[in-house]
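1. how would this look folded up:
(one chain, ligands or ions: 1)
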Amino acid sequence: MLVDLIEDDVFMGEALTERLQLEGMRCRWWRGAQSALQAAQEAGAPDVVICDVRLGDGDGTELPQRLPAGWRQVPWIYITGFGSHALREALLARGALDFLTKPLDMDRLLRHLRALAGQRRQDPATLKEGAMPGISCPLGVSSEMRRIHSLIQRLGGHWQTVLITGESGAGKEELARCLHRETVGPDRPFVAVNTASLPDSLVEAELFGYERGAFTGANRTHRGLFEQADGGTLFLDEIGDMPLALQARLLRVLQDRRIARLGGERELQIDVRLIFATHRRLHEEVRAGRFREDLYYRINVVHLHVPPLRERPEDIGWLAQRFLAQWNQAHPGRPRRLGPLTEAWLSSQRWPGNVRELRNAIERACLLAPEEELVPAHFIDAMAPAPETPWGGEPPQRPPTEPPQGEVERLEDYLRRQERLYIEQMLARHGWQIGVTAESLGISRKNLWERMKRLGIQ
Ligand SMILES: Nc1ncnc2c1ncn2[C@@H]1O[C@H](COP(=O)(O)OP(=O)(O)OP(=O)(O)O)[C@@H](O)[C@H]1O
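-> Residues are numbered from 1 along each chain as shown. Okay, here's the model as predicted:
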């Protein structure tokens with residue numbers, strides 16, 4: 001991966017070059033606009049350019065138009081100490097991959113670079129079909145998803161119970177369907193139920209079924225979900241939220257593989273594979289007394305964890321192209337395209353709502369974009385704030401409620417820290433939309449921008 005850095009600040013240039021080299025990238029550092037232009041005439045194009053906006057001898061935003069044709073497809077990331085919202089929007093609309101203000105968010109920059117590096121390693125033809133050469137994985141192209149898929153293949157038909165964990169929207173049900181399809185068979189029943197979405201009074205009747213007259217309103221015999229899944233798979237979602245009484249009943253089913261309908265005397269033998277899913281950390285639920293320990297051990301025989309999307313950025317472009325292809329198929333008159341720059345930009349985002357959020361964002365962008373080509377600007381307004389997550393995401397920080405112990409902070413520093421924290425929380429709550437956030441804080445947009453700049457909020 002070859003990175004060209006155009007930066008006139010010596011400290012920044014040295015630090016960035018060193019860091020990128022430590023990350024295993026090759027870095028050419030041009031110290032101004034003129035030297036970059038001259039080098040471009042002589043040297044080949046890099047894989048990505050990182051460019052300061054204000055250079056001592058020129059305007060970084062004008063450089064892309066002045067470079068040779070071979071450089072036109074190169075992704076361009078701007079960094080600046082003097083960012084304005086309008087400039088950011090203008091550069092993104094012109095196709096820049098990102099616009100980062102100093103002090104630099106190194107993680108974000110590296111996420112872009114890694115996503116680009118990952119993209120270079122992928123074969124674009126196979127990427128569109130959703131598979132790597134020789135490794136057909138319907139779940140993604142990342143090593144994590146391929147590892148999970150190869151585990152499924154090793155399980156074959158020899159499993160009875162599987163536990164799938166992962167953040168909401170990460171693809172637990174998608175994985176369950178794949179497991180069923182590939183090991184039980186696509187022609188066998190797959191029945192999915194979200195136990196948390198059913199009222200407590202109904203959940204047993206839905207799962208186990210009931211005989212006519214079992215309770216008021218039971219006018220006919222009803223086959224429950226266990227029976228409907230007989231010969232196939234029952235997917236029980238949100239198992240961590242299941243009432244304790246139902247957990248006890250489930251444990252008995254797991255042991256005996258028999259069920260009885262409510263109001264029924266006969267026990268029915270069932271042949272059902274069970275997949276349990278939860279976004280909670282079940283061992284913590286056990287510790288808190290909300291989940292039965294015996295059931296936990298019983299269902300935790302094979303455990304598959306779906307990592308959040310931000311931990312497998314290679315999948316983002318692949319999934320995005322997949323959703324786009326589905327959209328184009330459903331709307332033949334309005335084809336949409338996703339260029340490599342936008343794909344790389346999507347790959348650098350955190351996607352707190354995971355694959356579900358990505359899918360919604362693609363569909364929304366397809367609907368709203370006036371042009372064929374989707375660009376980052378079509379996605380920005382729809383990005384959701386990060387939710388609290390038990391899987392090591394980034395829960396919003398809360399202001400401390402205890403008086404500080406030990407060293408005492410200067411009041412000015414404390415207030416600055418709290419102000420920053422509060423503004424960040426409000427920005428996150430409103431999806432980083434400046435206008436709405438400013439209104440909710442009772443200040444003008446300009447005032448909010450000034451505060452964000454002063455506090456170093458990007
Ligand atoms: N590997 C994938 N390929 C294609 N689509 C996917 C993939 N993973 C997830 N999706 C899509 O993303 C959306 C969310 O996935 P899914 O319902 O499987 O997530 P989940 O983890 O079960 O979410 P929840 O915990 O909220 O029920 C669905 O529309 C699903 O089809």
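
2. How much space separates G264 from the ligand?
-> Distance, G264 to the ligand, by CB to the nearest ligand atom, to the nearest Å: 31 Å. C-betas here are computed from N, CA, C, even on glycine.

3. count of residues packed around that residue?
-> Neighbours of G264 under the rule other CB atoms under 10 Å: 16.

4. Could you pull up the residues touching the nearest residue to it once chain neighbours are set aside?
-> Setting aside the residues directly before and after it, G264 is nearest to E211 in space (CB to CB, 6 or more residues apart in numbering), at 4.5 Å. By CB atoms under 8 Å, 6 or more residues apart in numbering, the contact set of E211 is 218, 221, 261-264.

5. From the ligand, how far out is E211?
-> Counting by CB to the nearest ligand atom, the gap from E211 to the ligand is 31 Å.

6. Which ones among the contacts of E211 lie within strands?
-> In strands, defined here by DSSP state E, there are no members of the contacts of E211.

7. Let me know the pLDDT of the residue in the stretch 101-250 of the chain that the ligand sits nearest to.
-> Among the residues of the stretch 101-250 of the chain, G171 lies closest to the ligand, at 2.8 Å counting by CB to the nearest ligand atom. At G171, the model reports a pLDDT of 97.

8. before we move on, what about the one 10 residues further on?
-> Note for R181: predicted pLDDT of 94.

9. what does the one 5 residues further on give?
-> P186 is assigned a pLDDT of 91 by the prediction.

10. Tell me who's in contact with it.
-> Contact analysis of P186 by CB under 8 Å, 6+ apart lists H180.

11. so the residue lying closest to R72 once chain neighbours are set aside is in which element?
-> Take R72 and drop its neighbours on the chain: the residue closest to it by CB to CB, 6+ apart is P64, 7.6 Å away. If you go by DSSP states H and E, P64 is part of helix 63-66.

12. My understanding was that H305 contacts E167; is that so?
-> No - applying CB atoms under 8 Å as the test, H305 and E167 come out as separate, 10.0 Å apart.

13. Which one's more surrounded, those two?
-> For H305 versus E167, neighbours defined as other CB under 10 Å are more numerous around E167 (26 against 14).

14. which stretch of helix or strand covers that one?
-> Under DSSP H and E, no helix or strand contains E167.

15. Tell me how far it lies from E314.
-> According to CB to CB, to the nearest Å, E167 and E314 sit 18 Å apart.

16. try L448
-> 36 Å.

17. Show me which of these two is the more surrounded one.
-> For L448 versus E314, neighbours defined as other CB under 10 Å are more numerous around E314 (24 against 21).

18. That one reaches R146, doesn't it?
-> No - E314 lies out of contact with R146 (CB under 8 Å); the separation is 9.9 Å.

19. Need the overlap of contacts for these two.
-> Counting by CB under 8 Å, 6+ apart, the contacts common to E314 and R146 are G140.

20. in whichever strand or helix holds E424, what counts as buried?
-> Element membership of E424 [criterion: DSSP H and E] is helix 411-429. Residues of helix 411-429 classed as buried by neighbour count (16 or more other CB atoms under 10 Å): 420-421, 423-428.

21. A214: what's its closest spatial neighbour, skipping adjacent residues?
-> Of all residues not flanking A214 in the chain, G263 sits nearest, at 2.6 Å (CB to CB, 6+ apart).

22. can you tell me how far that neighbour sits from D47?
-> G263 is 68 Å from D47, by CB to CB.

23. What's the first helix or strand after the lowest-mean-pLDDT helix or strand in the chain?
-> In the chain, no helix or strand scores lower on mean pLDDT, DSSP states H and E than helix 124-129, which sits at a mean of 34. Once helix 124-129 ends, the next helix or strand along the chain (criterion: DSSP H and E) is helix 143-155.

24. buried stuff in that following helix?
-> Result for helix 143-155 [16+ other CB under 10 Å]: buried residues 144-146, 148-149, 152.

25. what residues does that helix touch?
-> Counting by CB under 8 Å, 6+ apart, 132, 135, 137-140, 162, 175, 178-179, 182-183, 302, 304, 306-307, 311-312, 314-315 sit against helix 143-155.

26. Any chance you could note which residues of this structure sit beside the ligand?
-> Residues of the chain lying close to the ligand (CB under 6 Å from any ligand atom) are 139-140, 166, 168-174, 237, 279, 319, 322, 355-356, 359.

27. Among these, which are located in strands?
-> Using DSSP E, the members of the residues of the chain next to the ligand that fall within strands are D237.

28. Type out the ChimeraX command that picks the buried ones from the residues of the chain next to the ligand.
-> Applying 16+ other CB under 10 Å to the residues of the chain next to the ligand, the buried members can be selected in ChimeraX as follows:
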select :139,140,166,168,169,170,171,172,173,174,237,279,319,322,355,356,359
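
29. domains in this structure, as residue ranges please.
-> Following automatic domain parsing, the chain resolves into domains at 2-106+114-120, 156-305, 411-455.

30. Show residues contacting the helix holding P64.
-> Residues from elsewhere that reach helix 63-66, judged by CB under 8 Å, 6+ apart: 6, 33, 36-37, 51, 71-72, 76, 94.

31. These in helices, which ones?
-> Judged by DSSP state H, the contacts of helix 63-66 include 33, 36-37 as members of helices.

32. top of these by neighbour count?
-> A36 leads the ones in helices among the contacts of helix 63-66 on contacts (other CB under 10 Å) with 26 neighbours.

33. Distance of that residue relative to E18?
-> Distance of A36 to E18, computed by CB to CB: 20 Å.

34. Check K102 too.
-> For K102, the distance to E18 - CB to CB - is 17 Å.

35. what about those two, which has more around it?
-> Just comparing K102 and E18: by other CB under 10 Å the higher neighbour count belongs to K102, 15 against 11.

36. What about the closest residue to the more buried one other than its chain neighbours, how many residues nearby?
-> In this structure, K102 finds its nearest non-sequential neighbour in G81, 4.4 Å apart by CB to CB, 6+ apart. For G81, the neighbour count with other CB under 10 Å is 14.

37. List the buried residues for the helix or strand where L341 lies?
-> Assigned by DSSP H and E, L341 falls within helix 340-348. Buried residues in helix 340-348, counted by 16+ other CB under 10 Å: 341-348.

38. OK, contacts around G58?
-> 32-34.

39. which residues does it form a beta bridge with?
-> For G58, the beta-bridge partners are L55 (DSSP bridges).

40. And it, how close does it get to the ligand?
-> Applying CB to the nearest ligand atom to G58 and the ligand gives a distance of 45 Å.

41. do E89 as well
-> 29 Å.

42. before we move on, which element is that residue in?
-> According to DSSP H and E, E89 maps onto helix 85-93.
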